[in-house]
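# coords below, sequence missing:
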């Protein structure tokens, strides 16, 4: 050992410095290799195997050790200028701050991954809050890193932030708005991943696939992706179809437009013929008794014009109600089911069907709705009713030919 010391002392000053720097580099590289390629490999089976995020976080933290070796060991290298010692120490310490910040950021990302494995994460994502914490960590690391590089207290930098607060508020305006919006969306349970939303102002109509601090991604039904600023979901109106999905029924609201010229009273024989419809038997018996009682009362009088009679349009409404109530794919348990007349218009007399299917699946819903209206359109002639339709060119040509 004494011989080595004597030999080193006999070298030129520049050679002593070069030898010392080489030794310092070798030690730091050795420490880095041992930590990342030996110790971490031994610890790998005990880390989470479902993600590489935790491995990257630990690797970033392990970088601190070789940087500490450099920041502390540079003073042992002989014959260097004081400025070199200071510069090397400050840079190494600044890189330590960066490494720790990166490790914390990746650790937060791993925390979010763990949370997303829980069932409740679909209802209350924390990705936005995690991103806010990441921003704070990186901003704090930037302040500390700059203070280390200029060899000044961080408090000195913080005291100067008051003068540029307005600039910072302007720069981080979207971040602040998004943070407030994220808190409101999460606290009030306004939006979840998987929700179907419609937002015409942003041309969005599809499923929410990601909720972050600044943006919400919606995959439209044509497979395009719409990116919506988070704060717009608080300031602008949008429709969330989650309530429909949770309720288990999807609304049918559509009208048949009846030609008003085909509306009339039914004869006794026609009423008797309609009793072959099972869903109309109870209605017709009840209606005939009700009308008979009315016609016997003093209100009816002797003039036949005051008598009440069964109409084909009223019987159609009763048939539609009975048909829907007996339909196996219509949910009338706790859901509204009605058939009503809307105000007559030049296009005819609308008979609106308002009910809910027993499924929320889009394909099944459209199939059920189509089957119902296929049947109703085909059954209209049984009531001697016609659908109103605007005349086409063929209609005019037929009229002129006749």
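Yep, that arrived. In this text, all values refer to a predicted model and were calculated from it rather than measured experimentally.
# Do me a favour and get the end-to-end distance for stretch 320-332?
14 Å (CA to CA, to the nearest Å).
# which residues touch the most centrally placed residue in the chain?
Taking CA atoms, centre = their mean, the centroid of the chain lies closest to residue 208, which sits 2.6 Å from it. Counting by CB atoms under 8 Å, 6 or more residues apart in numbering, residue 208 makes contact with 191-197, 216-218. Bear in mind the C-beta positions are built from the backbone N, C-alpha and C, glycine included.
# Would you list the buried entries among those residues?
191-193, 195-197, 216-218 (16 or more other CB atoms under 10 Å).
# which residues in the stretch 251-400 of the chain form strands?
251-258, 338-341, 349-356 (DSSP state E, counting those that start in this stretch).
# what about the stretch 251-400 of the chain, any weak spots by pLDDT?
298-306, 395 (pLDDT under 70).
# can we see that at 90?
Along the stretch 251-400 of the chain, the model assigns pLDDT under 90 to residues 266-268, 271-272, 275, 287-310, 331-335, 345-347, 360-362, 388-400.
# for the stretch 1-150 of the chain, same thing?
Using pLDDT under 90, the stretch 1-150 of the chain drops low at 1-100, 102-150.
# 50 instead?
Applying pLDDT under 50 to the stretch 1-150 of the chain flags residues 7.
# and the nearest residue to residue 265 once chain neighbours are set aside, what are its phi and psi?
Take residue 265 and drop its neighbours on the chain: the residue closest to it by CB to CB, 6 or more residues apart in numbering is residue 309, 4.4 Å away. Torsion angles at residue 309 (phi, psi; degrees, to the nearest 10) stand at phi -140, psi 160.
# possible to save the strands of the stretch 251-400 of the chain as JSON lines with distance to residue 212 and mean neighbour count?
Formatted as JSON lines, the strands of the stretch 251-400 of the chain follow (distance: least, CB to CB, whole Å; neighbours: other CB atoms under 10 Å):
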{"stretch": "strand 251-258", "distance to residue 212": "32", "mean neighbour count": "17"}
{"stretch": "strand 338-341", "distance to residue 212": "43", "mean neighbour count": "14"}
{"stretch": "strand 349-356", "distance to residue 212": "35", "mean neighbour count": "20"}
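# now these as JSON lines including distance to residue 277?
Shown next, in JSON lines, are these (distance: least, CB to CB, whole Å):
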{"stretch": "strand 251-258", "distance to residue 277": "17"}
{"stretch": "strand 338-341", "distance to residue 277": "15"}
{"stretch": "strand 349-356", "distance to residue 277": "17"}
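# And those: which comes nearest residue 101?
Nearest of these to residue 101, taken as CB to CB: strand 251-258 at 51.8 Å.
# relative orientation of that closest one and strand 349-356 in degrees?
160 degrees (axes from the mean of the first three to the mean of the last three CA atoms, to 10 degrees).
# Now the residue nearest to the centre of the chain. Nearest residue, chain neighbours left out?
residue 195 (4.8 Å).
# how much space between that neighbour and residue 381?
44 Å (CB to CB, to the nearest Å).
# max-length helix in the chain?
helix 82-116 (DSSP state H).
# For residue 401, grab the count of nearby residues.
6 (other CB atoms under 10 Å).
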